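Asks: Show me how the following folds:
(one chain, ligands or ions: 1)
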Amino acid sequence: MALITCEGIVLKTHALGDTSRIVTVYTRDHGLRKFVAKGARKLPSRFGYALEPLSRSRFVFYLKPDRDLHLLSKAEVLDAMGSRLSDLSRLAHAQASLEIVDRLVWGEEPHPKLFALLVQALEGCTRAPVATLPAVTLAFQLQLAAELGYRPRLDQCAIDGRAVSQRRAFSPSRGGLLCDSCAAREGGVVFLSAEALASLALLLSRPVLEAGDYIELPRAGELMRVIEDFFRTHFQRFVGLRALDVLRGLDGPGAIPRASEPRVALPAYVVPPEALVPGVADAPRVPTEADAADAAARALAALSVQRAAAAEAAAAAPAPPAAEHEPPATGRT
Ligand SMILES: [Zn+2]
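Replies: As a prediction, this is how the structure comes out:
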């Protein structure tokens, strides 16, 4: 029985007996672990804030191979993240990140990149402007999905690899954009706005910690619903982000759409390319590899807008001169 020291983030705790707790922790080097913390419910607790959900702490535990529960020897808090989340919206989004990890990640396999993503998401929840918190949560969801092998496909049809539809047809169940012919056959396709698609590409490629800095999601609800459907299809244990329920239907900057709102396919709409991603152009930045992905996303969105505008112009073109003074034929079949 080895004594192990590791760093981790507390996802949740349960009472055990009269005085103890079971603590579920996502650790950097030992994956998801459950610890028995004896005497943790006695006051004052010898563990302090180290076992509170959201805390990043250092744990010393007795590793028993092939056991689900390990006895915790010591825990000291490194960052009591929960105490820095003063606002209901921040707390809800931070808890949503814990919920995602608790639902989607299991096993003791270490995944340091996932751990780093979680740290970034929680840090983002303390720093990002409240109105952009959904961007932080979405970026975390998307990048975590990518790490787990479910990166949404945006460069070609997710079914047959053909060129994607200019209608920006996204299939949550197929995990990406579709071509026109697949979009016509496939059920449950959502037609994204140009802005939502550009946001999706940025959220996948830019650091989670900065998601709230460079992008606002005036239509966050549109993407949140699509990504929720995407998660429900690909991750059986995902049941929606319960932590965000407290924010549904609220007024104010932290409000997010009600879960019960009808899931309608939104029509494509035309916006000037420079208005697609507010704030991106003026945000100070050091060029990174992700810039190439950004440029591609913006080019894709701009192309969609141009083609949509051209199609609209063609549809609205005046009738031939002979018919110029006739009223347009409407409603006749
Ligand atoms: Zn296709």
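Asks: now the helices: where do they sit in the stretch 101-250 of the chain?
Replies: Using DSSP state H, counting those that start in this stretch, the helices found in the stretch 101-250 of the chain span residues 112-127, 133-147, 180-185, 194-205, 211-214, 220-234.
Asks: wait, which of the ones you listed is closest to V23?
Replies: Among those, the nearest to V23 by C-beta to C-beta is helix 112-127 (16.0 Å). Where C-beta positions appear, they are placed from N, C-alpha and C, glycine not excepted.
Asks: who's in contact with the closest residue to F59 other than its chain neighbours?
Replies: Counting by C-beta to C-beta, 6 or more residues apart in numbering, A75 is the residue found nearest to F59 once chain neighbours are left out, at 5.0 Å. Applying C-beta atoms under 8 Å, 6 or more residues apart in numbering to A75 gives the contacts 37, 47, 50-51, 57-60.
Asks: Buried only: go through those for me.
Replies: Buried members of the contacts of A75, scored by 16 or more other C-beta atoms under 10 Å, are 37, 47, 50-51, 57, 59.
Asks: So which of those would count as near the ion as well?
Replies: Taking C-beta under 5 Å from the ion as the test, the ion is in contact with none of the buried ones among the contacts of A75.
Asks: Now, those residues that are in strands?
Replies: Within these, residues falling in strands by DSSP state E are 37, 57, 59.
Asks: For R84, state which of these is nearest.
Replies: For those, the nearest to R84 is S57 (14.5 Å; C-beta to C-beta).
Asks: so how far is L72 from the closest one?
Replies: 10 Å (C-beta to C-beta, to the nearest Å).
Asks: and the residue nearest to F59, what pLDDT?
Replies: A75 is assigned 96 on the pLDDT scale.
Asks: show me where pLDDT drops low in the stretch 101-250 of the chain?
Replies: Residue ranges of the stretch 101-250 of the chain with pLDDT under 70: 214-219, 249-250.
Asks: Near the ion, which residues of it are found?
Replies: Contacts of the stretch 101-250 of the chain with the ion, taken as C-beta under 5 Å from the ion, map to 157, 159-160, 162, 179, 182.
Asks: would you list every one of the strands in this structure?
Replies: Under DSSP E, the chain gives strands at 2-16, 20-27, 31-37, 56-63, 69-79, 169-171, 176-177, 190-191.
Asks: among the ones you listed, which is the most enclosed?
Replies: Highest mean neighbour count among the strands of the chain (mean count of other C-beta atoms under 10 Å): strand 169-171, with a mean of 27.
Asks: Tell me the strands beside it, with direction?
Replies: With DSSP bridges as the test, strand 169-171 is paired with strand 176-177 (antiparallel), strand 190-191 (antiparallel).
Asks: Redo the ones you listed as TSV? Include distance to G149.
Replies: Output for those, formatted as TSV (distance: least, C-beta to C-beta, whole Å):
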stretch	distance to G149
strand 176-177	13
strand 190-191	22
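Asks: Was I right to think R206 contacts A139?
Replies: Yes - counting by C-beta atoms under 8 Å, R206 touches A139, with 7.1 Å between them.
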